[in-house]
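# Return atomic coordinates for the entry below.
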Amino acid sequence: MSHKDTTSQKFTSYYLQQSTKEFAEDLDKIRSADDFKGDAVPMLIKSLQQGTTLFSSADQKRVVEGDDTGILKAWTSN
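Numbers count the residues shown, from 1 in each chain. This next block holds a predicted model:
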């Protein structure tokens, strides 16, 4: 596995953790909806993962290495 792949995986993990914290109330509402089925979980996760494409490889690397300089906070605070 290349360093770029490892960085991308670490960033995706971090991004999903931050996203689920940020959208916790909304995710709870979705999960408690009458029409929410268990098979929708993979689609929900995939949807959240799509947000990682907004970040360049260089930005992902900075976040993973701890030098995010507010990159992720700027995106999630809107």
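
# what does the model give the residue of the chain positioned farthest from its centre for pLDDT?
Largest separation from the mean C-alpha position in the chain: residue 34, at 25.3 Å (C-alpha atoms, centre = their mean). Reported pLDDT at residue 34 in the predicted model: 90.

# Pull up the gap between it and residue 42, please.
20 Å (C-beta to C-beta, to the nearest Å). For glycine as for every other residue, the C-beta is placed from the backbone atoms N, C-alpha and C.

# where does the protein have low pLDDT?
Counting by pLDDT under 70, the ranges of the chain that qualify are 1, 3, 67-78.

# List the buried residues in stretch 44-63.
48, 52, 55, 59, 60, 61, 62, 63 (16 or more other C-beta atoms under 10 Å).

# Please apply the same query to stretch 7-24.
So, applying 16+ other C-beta under 10 Å, buried residues of stretch 7-24: 7, 8, 11, 12, 14, 15, 18, 19.
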